[in-house]
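> show me the folded form of this:
(one chain, ligands or ions: 4)
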Amino acid sequence: MMIQIRPDRFLQDLHTLRQFGAAGVGKGVVRPAYSDPDIAAREWLAERYADAGLKTRFDPVGSVWGLAKGQSLLIGSHSDSQPEGGWLDGALGVVCGLEIARAAMEAGGPAVSAVSFQDEEGRFGVTTGSRVWSGATDLKSADRLTDTQGLSFADARARMRHLAGDFVDYKRFTGFLEAHIEQGPWLYEAGEAVGVVTDIVGIRDMRITFEGEQNHAGTTPMHRRRDPLQAMARFQVLIAERFRNVVTPQTVWTTGHVDVHPGAHSIVPGRCTFSMQWRDGETERLKKMEEIIRDTAGEVAEDGGFSVSTSDLVGIEPVPMDARMQAALGDAAEDVAPGRWRRMQSGALHDAASVARLMPVAMLFVPSINGISHAFAEDTREEDLVTGLQVMAQAVERMSVA
Ligand code: HGY
Ligand code: MN
Ligand code: MN
Ligand code: MN
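Numbering: from 1, shown residues only. Ligands and ions are numbered 1, 2, ... in the order given. Coordinates of the predicted model:
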């Protein structure tokens with residue numbers, strides 16, 4: 001093995017990264033994109049990249065890069081978290097990239113660069129930092145995106161200092177590898193150590209608003225109300241029924257955020273805005289679900305005398321992982337954890353889905369204890385973290401000599 005990775009240093013950096021935005025509940029973190037802890041964590045990463053001899057830079061959206069000279073393999077993920085996040089979601093892949101880039105530099109090769117993309121967790125959309133970098137969306141459109149409090153992406157990224165005026169040229173990279181926690185139950189329940197990702201499901205994400213009539217909660221008879229929260233409830237029941245003969249057991253859809261205005265006990269709300277997100281491995285099915293969603297929203301509005309509007313739809317198509325890179329990960333997994341690995345689809349979205357627009361990409365999963373993620377309780381056994389790092393490092397070597 002040319003690259004001598006140092007698991008002790010890797011684990012130490014993982015735990016240091018966890019301190020930025022530590023929630024004080026378990027190992028949880030609160031490190032949303034562009035928050036003070038997120039910016040501080042990125043500045044810490046920039047120092048680590050520089051210490052490793054990599055050229056450091058922040059791109060125009062605040063993704064932080066550690067660049068090797070000339071052509072290199074890119075390894076990374078994201079270091080921003082969900083509003084209530086786990087300590088490993090994204091962080092694992094970022095610190096894997098740091099450790100392998102550092103060890104490769106110490107070994108005199110192969111050339112490995114590292115990155116932590118910004119706003120993968122979609123405070124402003126979904127995987128915004130890598131989508132802008134990969135050209136899936138342009139900076140001007142991204143700048144118009146807002147978070148649930150109305151803060152624009154433009155104002156958020158203006159909080160970061162020393163952002164470069166231009167993006168890193170993707171042509172300097174030969175491919176992208178991302179290690180990530182599985183965020184589901186399958187590896188952990190099977191007692192397996194590694195997942196080699198075959199493809200990432202597609203996603204659609206938008207906001208829907210029903211407007212009715214704000215009124216007094218005590219004096220307005222039920223039959224005379226136009227309560228948009230009731231409209232949303234009816235919409236949810238109807239789409240669940242209408243999805244029945246369209247979806248598979250792998251299809252998911254979620255309303256994770258509801259904003260009821262003005263949000264007082266004694267006021268029949270006038271407006272209800274809610275997130276609508278759906279995911280599946282097939283583009284056709286995603287399209288069919290979008291049709292049902294739009295038709296049902298229109299029908300509920302018409303039947304109940306509401307107005308209905310939708311935000312721009314953000315969509316990412318299902319993405320296959322590169323076969324050659326998958327094979328290198330599989331061979332390394334068989335070497336490091338014989339018989340304790342599998343190929344599997346990713347139900348979670350990742351930066352690799354954006355980067356796949358530009359170059360070959362592949363992903364490796366390590367188990368999530370009890371399959372928990374996007375929650376403070378997210379965790380992975382230390383030996384599984386180290387196994388993931390070892391498989392990644394070995395796969396890098398296999399690809400560099402192939
Ligand atoms: O939601 C996702 O799939 C990712 O974890 N942001
Ligand atoms: Mn993630
Ligand atoms: Mn996540
Ligand atoms: Mn009153």
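> next up, the contacts around the closest residue to ligand 2 within the stretch 201-350 of the chain.
Residue of the stretch 201-350 of the chain nearest ligand 2, by Cβ to the ion: residue 350 (5.9 Å). For the C-beta atoms, the positions are set from N, CA and C on the backbone; glycine is no exception. The contact partners of residue 350, taken as Cβ atoms under 8 Å, 6 or more residues apart in numbering, are 77, 120, 127, 178, 180, 200, 363.
> next one: it from residue 365, what distance?
According to Cβ to Cβ, to the nearest Å, residue 350 and residue 365 sit 10 Å apart.
> got any residues that touch both of those two?
Common neighbours of residue 350 and residue 365, counting by Cβ under 8 Å, 6+ apart, are residue 180.
> checking residue 11 next. Helix, strand or coil?
Classification of residue 11 using DSSP: H, G, I helix; E, B strand; the rest coil returns helix.
> ok, now which ones touch it?
382, 385-386.
> any idea which of the residues you listed has the most stuff around it?
With neighbours defined as other Cβ atoms under 10 Å, the most crowded of those is residue 385; it has 23 neighbours.
> any idea how many residues pack against the closest residue to residue 72 other than its chain neighbours?
Leaving aside its chain neighbours, residue 72 sits nearest to residue 111 (3.7 Å; criterion: Cβ to Cβ, 6 or more residues apart in numbering). Neighbour count for residue 111, taken as other Cβ under 10 Å: 20.
> may I see the buried residues of stretch 2-20?
Neighbour counts using 16 or more other Cβ atoms under 10 Å place 3, 5, 10-11, 13-14, 17-18, 20 of stretch 2-20 among the buried residues.
> can you lay out those residues as CSV showing pLDDT and distance to ligand 2?
Output for those, formatted as CSV (pLDDT from 0 to 100; distance: Cβ to the ion, whole Å):
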residue, pLDDT, distance to ligand 2
3, 92, 25
5, 97, 22
10, 98, 18
11, 98, 19
13, 98, 18
14, 98, 14
17, 98, 14
18, 98, 15
20, 98, 16
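> hmm, residue 75 and the residue nearest to residue 72 touching each other?
No - applying Cβ atoms under 8 Å as the test, residue 111 and residue 75 come out as separate, 11.2 Å apart.
> what does the stretch 1-150 of the chain have sitting close to ligand 1?
Within the stretch 1-150 of the chain, the positions adjacent to ligand 1 are 120-122 by Cβ under 6 Å from any ligand atom.
> try it again with 8 Å
82, 89-90, 120-122, 126-127 (Cβ under 8 Å from any ligand atom).
> among those, name the ones in helices.
Of the positions in these, not one sits in helices, assigned by DSSP state H.
> do you know how far residue 161 is from ligand 1?
26 Å (Cβ to the nearest ligand atom, to the nearest Å).
> can you count the residues close to that residue?
Neighbours of residue 161 using other Cβ under 10 Å come to 9.
> is ligand 2 within reach of stretch 31-44?
No - interface with ligand 2: stretch 31-44 contributes nothing (Cβ under 5 Å from the ion), its closest point being 12.0 Å away.
> what residues does the stretch 301-402 of the chain have near ligand 1?
Going by Cβ under 8 Å from any ligand atom, the residues of the stretch 301-402 of the chain near ligand 1 are 347-350, 373-374.
> most remote residue from this protein's center?
Centroid-distance maximum for the chain: residue 219 at 45.8 Å, with Cα atoms, centre = their mean.
> circling back to that earlier point, would you turn the residues of the stretch 301-402 of the chain next to ligand 1 into TSV with pLDDT?
As requested, these are arranged in TSV below (pLDDT from 0 to 100):
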residue	pLDDT
347	95
348	96
349	95
350	97
373	97
374	97
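> tell me what the longest helix along the chain is packed against?
If you go by DSSP H, the chain has its longest helix at helix 283-304. Counting by 3 or more Cβ pairs under 8 Å, 6 or more residues apart in numbering; DSSP states H and E, the packing neighbours recorded for helix 283-304 are strand 202-211, helix 228-243, strand 271-280, strand 307-310.
> now those as JSON lines including distance to ligand 2 and mean pLDDT?
Shown next, in JSON lines, are the helices and strands packed on helix 283-304 (distance: least, Cβ to the ion, whole Å; pLDDT from 0 to 100):
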{"stretch": "strand 202-211", "distance to ligand 2": "13", "mean pLDDT": "96"}
{"stretch": "helix 228-243", "distance to ligand 2": "26", "mean pLDDT": "98"}
{"stretch": "strand 271-280", "distance to ligand 2": "14", "mean pLDDT": "98"}
{"stretch": "strand 307-310", "distance to ligand 2": "26", "mean pLDDT": "98"}
